[in-house]
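Peer 1: Predicted coordinates and the sequence they were generated for:
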Amino acid sequence: MLKSGADYLDGLRDGRVVYVGGEKVADVTAHPAFRNAARTVAGLYDLKRDPAHHDSLSYEEEGERHSMYYLLPRDRDDLLKRSHAHKLISDQTYGLFGRSPDHVASFVAGLALQPEIFQPDYRDNLLGYYRRARSADSYIAYAVLPPQGGRDPEFSQRQPGYVSPSLRVIGEDNSGVTIEGIKTLATGGVLADEIWLGNLQPLGPGQEALSITCAVPVAAEGMSLWARKPLERDAGSEFDSPLAHRFDETDAVVVCRGVKVPWENVFVHNHVALSREIYIRTPSHCFGNHQSNVRFWSKLRLILALARRIADVNGTIKIPAVQETLGRLAAYEATIAAMVHGQCMAHEDLGNGYVSFNRRYMYGALSWCTENYPMLCDTLRELMGGGVFMMPADISVLDQATRGTFESHWSTPGQPALDRMKLFKLAWDLVGSEFGGRHMQYEKFYAGPSFVVRNHSFRECPWGEMAGVLDRLLASYDIPGEYRTA
Ligand SMILES: Cc1cc2nc3c(=O)[nH]c(=O)nc-3n(C[C@H](O)[C@H](O)[C@H](O)COP(=O)(O)OP(=O)(O)OC[C@H]3O[C@@H](n4cnc5c(N)ncnc54)[C@H](O)[C@@H]3O)c2cc1C
């Protein structure tokens, strides 16, 4: 059933434990650190129930309507429907919500496409969870990394008395497992219904207890979320920090103190290799990161639009070198658009009635996005010049005796002072503010460090096919007879 924005917000008032520094947050939906971001997510839920988006954001199965990102695709059209739904959703946040409700749900849908990979005792758990999440229209976030510094067992063992805080199973009984420890870094966790806990990094032998992969409601007894510095709280006015004001999706460390997880929510247990392989041997990682590619595309469109507007209002658009820079940015936007479409068009048949986005193309795009984001932001900054620092400190310039001078001296032909200030504040929030800095780090790391992202392409490359290209050429001419050894 499709949830309304109001139902979603009600669901956040479930007694969840969230800390901002030493402060325990009483109500996420009312707290200055999270309330606008929560409303942004509520808007995404309402969008799905808008009759205008009925067919693009949801589908019907077994007599119920479900969010499009839970659709298990059977052909190219289904993939295109999923992809278009991601685009519509990411356009609402201009690509600034990486972990919108369609991200982890797509990981779960990807797992449900090939449940046979799971240990027999846990296969039905995964399928049951997929169906429950789909029916409840759940917003799932995930924390799938152990904490920095606590990963290497040899390093840990060299420190006398040190016990790694990595999340692990500390007990099990007929009803389920008990988990203890921390996982990083649940983007959107504060705003989600459930947290998926698992391992996207390989574990080593002897780390069976850490291999637990499970889903836990955010309000589960014993669980708390420790949020990083909230940018929404410190954003000031919407005019001065328009993006931080409503698009700070939050990042939080998940702390579990004796959290009980019922067996039905346990998907991998005591299996070191499988805890990571489930994402790679199924299309799970591909489905989640197809959403990431689409989201990046939305963001790049905002960067491109800002770059053009700044060149227009500064009058630099007439300069051929600036046009060339904008042309290059426009080509990049077309590149990511094509990379997204290509993943649907050159789809993979899974051989079981389902299809997947093209994995290699997805990883190619992921690598491209990770490596090029700093360059894209830098190009926008170049075009901005010192514009943002030529603006008064904040909107209060209009309250004071300063207003008249500001309006007369900061205006340019065709651009009133206030409109200029609004534009430059927005551009700075995207690429220069603390919010912009968090996004720089997000784009570098959300799918793992760049060497890990490139490693996916190394793994998926059909090296035999590539070797064939070279061998065909090598075989097409001979070593001259006189130089051949006998
Ligand atoms: C804003 C943000 C949001 C995030 N959201 C999520 C989320 O929603 N869910 C989630 O589970 N995780 C999330 N993450 C965590 C993300 O997955 C990790 O940051 C990422 O995997 C890198 O791990 P790390 O930060 O621990 O860096 P580290 O593993 O400590 O790596 C830091 C650096 O050390 C160097 N390095 C480390 N190991 C090697 C090596 N073997 N070879 C060469 N160089 C190496 C590299 O320079 C690397 O960039 C998020 C991270 C950020 C920054």
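Peer 2: Alright, I've got the coordinates. Numbering: from 1, shown residues only.
Peer 1: For residue 111, what is the enclosing helix or strand?
Peer 2: helix 102-112 (DSSP states H and E).
Peer 1: Tell me, how many residues neighbour the residue in the stretch 201-350 of the chain that the ligand sits nearest to?
Peer 2: Nearest to the ligand, among the residues of the stretch 201-350 of the chain, is residue 251, at 4.9 Å (Cβ to the nearest ligand atom). C-beta coordinates here come from the backbone N, C-alpha and C atoms, glycine included. The number of residues packed near residue 251 is 26, by other Cβ atoms under 10 Å.
Peer 1: Next: residue 349.
Peer 2: Residues near residue 349, counting by other Cβ under 10 Å, number 10.
Peer 1: Hmm, residue 357 and it touching each other?
Peer 2: No: with contact defined as Cβ atoms under 8 Å, residue 349 does not count as touching residue 357 (11.9 Å).
Peer 1: Remind me what the longest helix along the chain packs against, helices and strands.
Peer 2: Longest helix of the chain, by residue count under DSSP state H: helix 284-314. Using 3 or more Cβ pairs under 8 Å, 6 or more residues apart in numbering; DSSP states H and E as the contact test, the elements touching helix 284-314 are helix 76-92, helix 102-112, helix 320-345, helix 359-384, helix 417-431.
Peer 1: what do you get if the cut-off is 6 Å, keeping everything else the same?
Peer 2: helix 76-92, helix 102-112, helix 320-345, helix 359-384 (3 or more Cβ pairs under 6 Å, 6 or more residues apart in numbering; DSSP states H and E).
Peer 1: and it, which residues are buried?
Peer 2: Counting neighbours by 16 or more other Cβ atoms under 10 Å, one finds that the buried residues in helix 284-314 are 284-304, 306-311, 313-314.
Peer 1: now swap in stretch 135-143 and tell me
Peer 2: 137, 138, 139, 140, 141, 142, 143.
Peer 1: near the ligand, anything from that stretch?
Peer 2: Yes: judged by Cβ under 6 Å from any ligand atom, stretch 135-143 and the ligand are in contact via 142, 143.
Peer 1: neighbouring contacts of that stretch?
Peer 2: With contacts defined as Cβ atoms under 6 Å, 6 or more residues apart in numbering, stretch 135-143 is touched by 2-3, 67, 99, 101, 104-105, 183-184, 186, 188-189, 192-197, 254.
Peer 1: Would you convert the helices and strands packed on helix 284-314 into CSV that also reports distance to residue 50, mean neighbour count and mean pLDDT?
Peer 2: Below are the helices and strands packed on helix 284-314 laid out as CSV (distance: least, Cβ to Cβ, whole Å; neighbours: other Cβ atoms under 10 Å; pLDDT from 0 to 100):
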stretch, distance to residue 50, mean neighbour count, mean pLDDT
helix 76-92, 10, 20, 98
helix 102-112, 16, 26, 98
helix 320-345, 24, 16, 98
helix 359-384, 29, 19, 98
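Peer 1: Reformat the ones you listed as a markdown table; add distance to residue 394.
Peer 2: As requested, the helices and strands packed on helix 284-314 are exported to a markdown table (distance: least, Cβ to Cβ, whole Å):
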| stretch | distance to residue 394 |
| --- | --- |
| helix 76-92 | 27 |
| helix 102-112 | 34 |
| helix 320-345 | 29 |
| helix 359-384 | 18 |
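Peer 1: Next, format those as JSON lines and append distance to the ligand.
Peer 2: Shown next, in JSON lines, are the helices and strands packed on helix 284-314 (distance: least, Cβ to the nearest ligand atom, whole Å):
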{"stretch": "helix 76-92", "distance to the ligand": "16"}
{"stretch": "helix 102-112", "distance to the ligand": "8"}
{"stretch": "helix 320-345", "distance to the ligand": "20"}
{"stretch": "helix 359-384", "distance to the ligand": "11"}
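Peer 1: so what's the nearest residue to residue 310 once chain neighbours are set aside up against?
Peer 2: The shortest distance from residue 310 to any non-neighbouring residue, by Cβ to Cβ, 6 or more residues apart in numbering, is to residue 383 (5.2 Å). By Cβ under 6 Å, 6+ apart, the contact set of residue 383 is 307, 310, 311.
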